[in-house]
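**Student:** coords please:
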Amino acid sequence: MNATEKASPALRALRGVRVLSLSLNLPGPAALMRCRQMGATCVKLEPPPPAGAPSGASGDPMGLYNPPAYKELHQGVRIVVADLKTDAGQKTLHRELARADVLLTSFRPSALRKLGLEWKALRKLYPALSQVAIVGAPGARAEEPGHDLTYLAEHGLVNGIDLPPTLYADMGGSLMASEAVLKAVLVQLKTGKGSHQEVALSESAAYLALPRYWGLTQPGAAVGGGHAGYRVYPCHDGRVAVAALEPHFAKSLCAAAGIAYVNVLSMMSPPTHQALAAYLLSMTREALDQLAAEKDIPMFTLQK
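**Tutor:** Take a look at the predicted model:
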């Protein structure tokens with residue numbers, strides 16, 4: 001079972017809802033994937049592929065630089081090719097808009113105006129249609145250029161010069177966008193009218209950064225390396241992520257390592273850190289996996 005097939009049919013809250021997407025790359029298509037998982041009928045308009053592209057190529061850049069990701073994102077989505085800058089493309093667009101319940105976009109506001117898709121115009125033409133507009137930053141900053149990396153950096157989520165291991169702002173923004181689709185449908189059911197909702201990827205990054213703002217993950221905090229039971233340690237043949245934060249987990253871990261557990265403050269002490277580090281370094285991944293299963297300790301071993 002792949003990521004696009006994990007939603008239970010019993011939970012398909014968007015069954016009967018038609019979502020039309022003009023979004024390219026990742027956040028919009030990922031949001032559309034979530035909507036399809038929830039039962040929505042999903043249609044996407046894509047521009048023609050660029051000149052010189054292979055036969056059968058997509059007009060979405062994702063289809064060119066990562067075909068497997070594009071395929072999974074668009075499983076079950078009806079793709080329609082339309083150049084929105086042409087009369088024929090506009091005709092196709094408005095044919096689909098007339099049938100849609102929610103429009104999903106990821107253009108800057110100025111681009112939406114040029115295409116005749118700003119909210120004021122859409123509301124007049126299609127009063128029951130809702131629009132979920134994914135932008136980089138909210139309000140007046142929506143015209144600023146940016147990407148996942150810059151939004152994460154803005155909110156203190158980039159360490160050193162290494163790239164983050166995944167596209168947190170994009171994927172978090174896609175969840176916010178699918179949530180906005182659900183909100184739009186609820187409003188439509190109550191009022192019979194469409195609504196406009198803006199989803200900013202920078203605000204997605206800000207939301208993900210809240211634990212850091214609150215001090216939970218700052219260096220030395222309980223889940224920032226201060227608690228000996230919540231860290232990543234080297235082991236004999238790899239690494240181990242230990243998440244023995246609650247007292248009963250910490251007690252089990254300390255008992256296995258031959259360390260006296262007093263209370264949560266003892267787990268913050270340097271001697272406990274040192275003793276636990278020495279114990280885990282002496283253990284193989286296999287032994288730690290077995291220990292985790294037998295003693296009900298939340299640990300996950302990793303390669304070096």
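**Student:** is residue 132 in a helix, a strand, or coil?
**Tutor:** Classification of residue 132 by DSSP: H, G, I helix; E, B strand; the rest coil places it in strand.
**Student:** and the pLDDT for the nearest residue to it once chain neighbours are set aside?
**Tutor:** Computed as Cβ to Cβ, 6 or more residues apart in numbering, the closest residue to residue 132 that is not its neighbour in sequence is residue 180, at 4.5 Å. In short, each C-beta sits where N, CA and C put it, glycine included. On pLDDT, residue 180 comes in at 98.
**Student:** can you map out the strands along the stretch 151-300 of the chain?
**Tutor:** For the stretch 151-300 of the chain, the strands defined by DSSP state E, counting those that start in this stretch cover 196-200, 230-235, 238-243, 299-302.
**Student:** ok so residue 58 is a helix residue?
**Tutor:** No: assigned with three-state DSSP, residue 58 falls outside any helix and is coil.
**Student:** okay, now it: neighbour count?
**Tutor:** By other Cβ atoms under 10 Å, 22 other residues sit near residue 58.
**Student:** quick one: residues contacting it.
**Tutor:** 46, 49, 64, 70, 79 (Cβ atoms under 8 Å, 6 or more residues apart in numbering).
**Student:** surely the last one is in contact with residue 44?
**Tutor:** So the one you mean is residue 79. Yes: counting by Cβ atoms under 8 Å, residue 79 touches residue 44, with 5.5 Å between them.
**Student:** can you give me the helices for the stretch 151-300 of the chain?
**Tutor:** All helices of the stretch 151-300 of the chain, identified by DSSP state H, counting those that start in this stretch, fall at 168-191, 201-208, 210-213, 247-257, 270-281, 285-295.
**Student:** which one of these lies closest to residue 108?
**Tutor:** In terms of Cβ to Cβ, the element of those nearest to residue 108 is helix 201-208, at 12.3 Å.
**Student:** kindly calculate the angle that the closest one makes with helix 168-191.
**Tutor:** Put simply, helix 201-208 runs at 100 degrees to helix 168-191, going by axes from the mean of the first three to the mean of the last three Cα atoms, to 10 degrees.
**Student:** residues of helix 201-208 that come out buried?
**Tutor:** The neighbour-count check on helix 201-208 (16 or more other Cβ atoms under 10 Å) flags 201, 202, 203, 204, 205, 206, 208 as buried.
**Student:** try stretch 60-74
**Tutor:** 60, 62, 63, 70, 72, 73, 74.
**Student:** got it, and stretch 93-101?
**Tutor:** For stretch 93-101, by 16+ other Cβ under 10 Å, it's 93, 96, 97, 100, 101.
**Student:** follow-up on the earlier one: can you redo the strands of the stretch 151-300 of the chain as JSON lines with mean pLDDT?
**Tutor:** Listed next are the strands of the stretch 151-300 of the chain as JSON lines, based on pLDDT from 0 to 100:
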{"stretch": "strand 196-200", "mean pLDDT": "97"}
{"stretch": "strand 230-235", "mean pLDDT": "97"}
{"stretch": "strand 238-243", "mean pLDDT": "98"}
{"stretch": "strand 299-302", "mean pLDDT": "98"}
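**Student:** where does the closest residue to residue 76 other than its chain neighbours sit: helix, strand or coil?
**Tutor:** In this structure, residue 76 finds its nearest non-sequential neighbour in residue 36, 5.0 Å apart by Cβ to Cβ, 6+ apart. In three-state terms, and counting by three-state DSSP, residue 36 is helix.
**Student:** what pairs with the host helix or strand of residue 103, parallel or antiparallel?
**Tutor:** Per DSSP states H and E: residue 103 is located in strand 102-105. Using DSSP bridges, strand 102-105 pairs in its sheet with strand 18-21 (parallel), strand 130-135 (parallel).
**Student:** understood, closing this out.
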